[in-house]
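> Model the following, please.
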Amino acid sequence: MGPAFSYRIYGFLFFAFLAKFAPISVHAAPHFEPVPISSRILQGNPLGDPSDRRLAVFEPEHVSPGTPVSTVYYLPGYGGSSEDFLGAWGGRFSAMLQSLSDAGNPLLVVVVDCRNRWGGSQYINSAAQGNYADYFLEEVVPFVERRFGAPISPRRRLLAGHSSGGFGALRLAMMQPQNFGGVVALSPDTDFEVTHRELVSRGAKHVSSRQLADYKAPIDRMISPTSGLLQLVLGLSAAYAAKGPERPGDFEWVYDDEGHWREDVWKRWLAEDPVVIARKDPRVFAPKQRIYLDGAEHDSFGAQKGAPVLRDLVAPYTQVEFYESPGGHSDYIEQRFARGIDWVFGQPARVVP
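Reported below is the predicted structural model:
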């Protein structure tokens, strides 16, 4: 055995000794962890989407004993899911969340997967895609609170989301205002007559019945359109205009075969619009709920137009704020989220960006 080989043996034994008696710890940065959840409600859904999902859960580090931790359910935008937060996007979001915790506002953040093969469920019940509102309210929230502990009061159970997720946060808070103390809705879909009607007409007018049939076909024969805008309109139609339980997986289209606008179908879209709902009942939120709305200065989906309308409708009856953030629809999401959280908890709201 030569000297070089001896040094290698001795070196290996030395580091093995250190590993046994003085292990080297590697500190992982704060991050989201995957948490499996199995759903009874999503079993047998019309699109055949999985009923076994994963939540992405962030738990803050270094929380002092006795410090209350709030729970935030975060709903991603159209086509997004918890899986996005288990990758690079989650790393950026985690750093922001840990900074909030270090400043005295620790949050348990749960990102939900309500994506389907058509893109997104809008977090509502629909016979064309499944009962995603029920899944969230009846399964996700109780599951999380059994596993991680319930907040000390509904005041510390919050909903948040961006774009379609902001819409979902508003609608779920309207469904159960007594159970959610606040909402942070970033560029939410709302005031459809202003923000969605032109969008729908651009994306949907020239769709043929054959294209619709290809899109609605079972997944092994489904042909998705190449236009992202058309994909969005098709998915929204499935959420808002399902044909009913007797036609699972099917939905009404906003144009007839001759290209004429179908006002009866559009009214079904409007029935889900937070602005339309608030016009009928401006007390739709609880008086003690705190509702934070924003829309980007250059928002390509017009949220900076729709969200202030909702604010003005509910302002006499609940605590609400609107902020026009800089940039576009999906810019500065982490900073905008942090600003909304500051406001919900009555702290000085930071500047974005």
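> And Val351, how far from Gln335?
Val351 sits at a distance of 9 Å from Gln335 (criterion: C-beta to C-beta, to the nearest Å). Glycine gets a C-beta too; all of them are placed from N, C-alpha and C.
> Looking at the two, which has the bigger crowd around it?
Gln335 (17 against 8; other C-beta atoms under 10 Å).
> Strands of the stretch 201-350 of the chain, start to end?
Applying DSSP state E, counting those that start in this stretch to the stretch 201-350 of the chain gives strands spanning 290-298, 319-328.
> what's the longest one in contact with?
Judged by C-beta atoms under 8 Å, 6 or more residues apart in numbering, the contacts made with strand 319-328 from elsewhere in the structure are 186, 285, 287-300, 304, 307-308, 310-311, 314, 331-332, 336, 339-340, 343, 349, 352-353.
> Please apply the same query to the shortest one.
For strand 290-298, contacts defined as C-beta under 8 Å, 6+ apart pick out 170, 173, 181-188, 285, 302-308, 310-311, 314, 318-329, 331, 336, 339-340, 343-344.
> PyMOL command for the buried members of those?
Selection of buried members from those for PyMOL, criterion 16 or more other C-beta atoms under 10 Å:
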select buried, resi 170+173+181+182+183+184+185+186+187+188+285+302+303+304+306+307+308+310+311+314+318+319+320+321+322+323+325+327+329+331+336+339+340+343+344
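> Among the contacts of strand 290-298, name the ones in helices.
Applying DSSP state H to the contacts of strand 290-298, the entries found in helices are 170, 173, 303-308, 310-311, 314, 336, 339-340, 343-344.
> and the two most separated of these?
Lys305 and Val344 (23.0 Å; C-beta to C-beta).
> can I assume Phe345 is in contact with Ala103?
No: using C-beta atoms under 8 Å, Phe345 is not in contact with Ala103, being 10.8 Å away.
> what sits in contact with each of those two?
Common neighbours of Phe345 and Ala103 (C-beta under 8 Å, 6+ apart) do not exist.
> More neighbours: the two, which one.
Phe345 (18 against 11).
> count of neighbours near the nearest residue to that one once chain neighbours are set aside?
Nearest residue to Phe345, sequence neighbours excluded (C-beta to C-beta, 6 or more residues apart in numbering): Asn105, at 6.1 Å. The number of residues packed near Asn105 is 20, by other C-beta under 10 Å.
> quick one: buried residues of stretch 270-288?
For stretch 270-288, by 16+ other C-beta under 10 Å, it's 270, 272-278, 282, 284-286.
> Could you pull up phi and psi at the residue most central in space within the chain?
Nearest to the mean C-alpha position of the chain, counting by C-alpha atoms, centre = their mean, stands Leu75 at 1.3 Å. Dihedral pair for Leu75: phi -110, psi 110, per degrees, to the nearest 10.
> Confirm for me that it is in contact with Leu158.
No: in this structure, Leu75 is not within contact of Leu158 by C-beta under 8 Å, at 11.3 Å.
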